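Trainee: What follows is a predicted protein model with its sequence.
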Amino acid sequence: QVQLVESGGGLVQAGGSLRLSCAASGRALSAMGWFRQAPGKERDFVATINWSGGSTAYAESEKGRFTISRDNTKNTVYLQMNSLKPEDTARYYCARRKNIQTSTTASEYDYWGQGTQVTVSS
C-alpha cells in the first residue's frame, strides 16, 4: 500500500509562489503526477515526472510557471509554482502511476493523496 501526503498549500497573492511537496511511503520509483480540482470542475492534469526525474510534462497553461521535480532519496515529489494567478485556485493532488513513464491521464494513476488547498487572491 502506497500512501501519499501533500503539503505546502496555502493562501497567496496573485504573482506569488508556493512549493508543494508530496511525500510517498515506501519505495516510489514510479512516475508521479500533480492534478488539481476547483469546486464544480473536473480534475485537471498539471504536471508529471518519470521515475528518474529525467522526463517531465506540463499542462499548456502551466508551462514556464510550474516546475515538477523529485528527490528519490526522500521519496518526495515537488511542484514549484511561480507567477500564480487566481485561476490556479484549486485543491492540488499528488498521484502515483504504476509505471515508470509519464502520463497526463488521471485514470492511469493508481494511488492518490488527500490533496492540499491552494488559494490565490487577486
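Mentor: Yep, it's here. Keep in mind that what you see is a predicted model, and the values were worked out from it rather than measured. Numbering: from 1, shown residues only.

Trainee: after the helix or strand bottoming out on mean pLDDT in the chain, next one along is what?
Mentor: Sorting the helices and strands of the chain by mean pLDDT, DSSP states H and E puts strand 109-112 at the bottom, at a mean of 94. For strand 109-112, the succeeding helix or strand toward the C-terminus, using DSSP states H and E, is strand 116-121.

Trainee: Mean confidence (pLDDT) on that following strand, please.
Mentor: The average pLDDT for strand 116-121 rounds to 98.

Trainee: Now it: buried residues?
Mentor: Neighbour-count burial for strand 116-121 flags Thr116, Val118, Val120 (criterion: 16 or more other Cβ atoms under 10 Å). All C-beta spots, glycine's among them, are computed from the backbone N, C-alpha and C.

Trainee: For it, list the C-alpha coordinates in PDB.
Mentor: Written as PDB, here are the backbone C-alpha positions of strand 116-121 (Å, rounded to 0.1, in the frame of the first residue of the first chain):
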ATOM      1  CA  THR A 116      -3.700  20.400  -0.400                       C
ATOM      2  CA  GLN A 117      -5.600  23.600  -1.000                       C
ATOM      3  CA  VAL A 118      -4.100  26.500  -2.900                       C
ATOM      4  CA  THR A 119      -5.900  29.800  -2.900                       C
ATOM      5  CA  VAL A 120      -4.700  32.700  -5.000                       C
ATOM      6  CA  SER A 121      -6.200  36.100  -4.200                       C
END
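
Trainee: Each with direction, which strands does it pair with?
Mentor: strand 10-13 (parallel), strand 90-97 (antiparallel) (DSSP bridges).

Trainee: what's the neighbour count on Glu60?
Mentor: 6 (other Cβ atoms under 10 Å).

Trainee: Return the distance of it relative to Asp44.
Mentor: Distance, Glu60 to Asp44, using Cβ to Cβ, to the nearest Å: 11 Å.
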